[in-house]
Every structure is written in C-alpha cells, then in structure tokens.
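Let's see this in three dimensions:
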Amino acid sequence: MKKLVGAVALLLLSLMIFPLSASSQSPLETIQTQVNKILEVLRDPALKAESAKGNKEKRVWTLIDGVFDYTELSRRTLAQHWKTFTPEQQKEFTQLFGKLLGTVYMDRIMSYTNEKVVFGKAAKLSEDTTEVQSQVVTATKSIPIHYRMIFRDGSWKVFDVVVEGISLVQNYRSQFRDILSKQSPEDLLKMLRDKVRK
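Here you go, the predicted model:
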C-alpha cells in the first residue's frame, strides 16, 4: 500500500495539467503541452519559500481540478453502488472524493524534486475514451503511469490513472465496496467528511 501511495503521488504530480480547452489537440498532445506548464509552477523560484506554500498549493489544486472529471471518477469508483446514492448524495460524494485526493496527496506532490515525465503512445479504449501512457523518471527508476481520459464538453478529462498496473479507481472501489457492503451511503459520506476535515 505504501508503494501505491507513493506512486499515486507521482502520478498526481505528472497529472497536474492546465484546464484542457484545446479540443483540436489529441489527449497526448494536450498532456505533453500542459504538464510542462505545471512543472514550470513547481520549479518557480518565487514559490520555493515556505511563505509561498499556500499560494503554490492553491495554484496546483486549481490545475488538478481543471483536468479531472470527478463525476466520472466517482461514478466508476462506486460502480453499482452509485445508483444507491440519491442525486444529492452523489453530488456530495463527488465533491468529498475530490477533496480527499487532494488531502491525501498534496504533501507528496509539493515535494517534487525535478523528476522527469516522459510520454509514450495513446491507445483508444472506446469511442470517447483513450489511455495515454507515460513514465515518471526518478534517479533510480521509471514508474509507468497511464491516464484514462474521456472526451466531454469539448475537452479531454481524466477519469482514472493506472500506476504500475494498479488503477486508482479500482483501488478506491475495493475500499468503498467493503464499506458499503456493511454500511449505508450516508455512513460513507460521514467518513469522507471526517477525513476531509482532518
């Protein structure tokens, strides 16, 4: 599990992309272009000081928010349980799940130390979904990261990330499925509220 957490932190680092608005670009072209923009923020000398940490985190999270389709991510994560949530509960779950990801991984993202992101090919999964392959190259190894993206409202959005063969959606799906097999949607929402507040 520790390995997965560390790898997911690296994937989120490489995934911090500016909002995808150029619909004429392919998913691969968009990611290659926009990852460079976020890496510039992380390398910005003006944001290295401890006093700039809050501003840096805010900019980083704004960029993450711009590329994730949290509704699709949440729907796929809950799988068959999605329909057992009311529309209001679905909305709250989507918001809380997004915040949880930020809470869990932000410190690791901010500890970026100039790792290199190398992109590979893009493989079409369905009519409106694509998987873009990449690697985060550290001093000692390369970590394969695949972005699963969906074309919605004129742009490509990420709905899942696969790190070293482990899907973010499937990992959380397993956790939430175990909880929902014994407890109600409201119980899960309460757990998420508590985690986000910490």
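
which SSE is Glu131 in?
If you go by DSSP states H and E, Glu131 is part of strand 129-137.

Tell me the strands beside that strand, with direction?
With DSSP bridges as the test, strand 129-137 is paired with strand 116-124 (antiparallel), strand 142-152 (antiparallel).

Give me whichever of the ones you listed is most buried.
Each of these was scored by mean neighbour count; the highest is strand 142-152, a mean of 20, by mean count of other Cβ atoms under 10 Å. All C-beta spots, glycine's among them, are computed from the backbone N, C-alpha and C.

In the lengthiest helix in the chain, which residues are buried?
The single longest helix within the chain, with elements called by DSSP state H, is helix 87-110. Neighbour counts over helix 87-110 (16 or more other Cβ atoms under 10 Å) mark 89-90, 92-94, 96-102, 105-106, 108-109 as buried.

tell me which residues in the strand holding Glu131 are buried?
129-136.

which of those residues lies closest to Arg148?
Glu131 (5.2 Å; Cβ to Cβ).

Thr140 versus the closest one, what's the distance?
Distance of Glu131 to Thr140, computed by Cβ to Cβ, to the nearest Å: 26 Å.

Okay, now the unreliable bits of this protein?
For the chain, the stretches with pLDDT under 70 are 1-24.

returning to what we had before: just how off-centre is the longest helix of the chain within its chain?
Put simply, helix 87-110 sits 10 Å off its chain's centre (Cα atoms, centre = their mean, to the nearest Å).

same question, stretch 145-154
Taking mean C-alpha positions (Cα atoms, centre = their mean), stretch 145-154 and its chain are 11 Å apart.

do stretch 81-93 as well
The answer for stretch 81-93 is 20 Å, by Cα atoms, centre = their mean.

Please list the residues outside it that contact it.
Residues from elsewhere that reach stretch 81-93 (Cβ atoms under 8 Å, 6 or more residues apart in numbering): 74-75, 78, 176-177, 180, 185-186, 188-189, 192.

please redo it, this time with the cut-off set to 6 Å
74-75, 180, 185, 189 (Cβ atoms under 6 Å, 6 or more residues apart in numbering).

residues in contact with the closest residue to Pro144 other than its chain neighbours?
Distances taken as Cβ to Cβ, 6 or more residues apart in numbering place Gln135 nearest to Pro144, at 5.4 Å, with adjacent residues excluded. Contacts for Gln135 (Cβ under 6 Å, 6+ apart) come out as 118, 142, 144.
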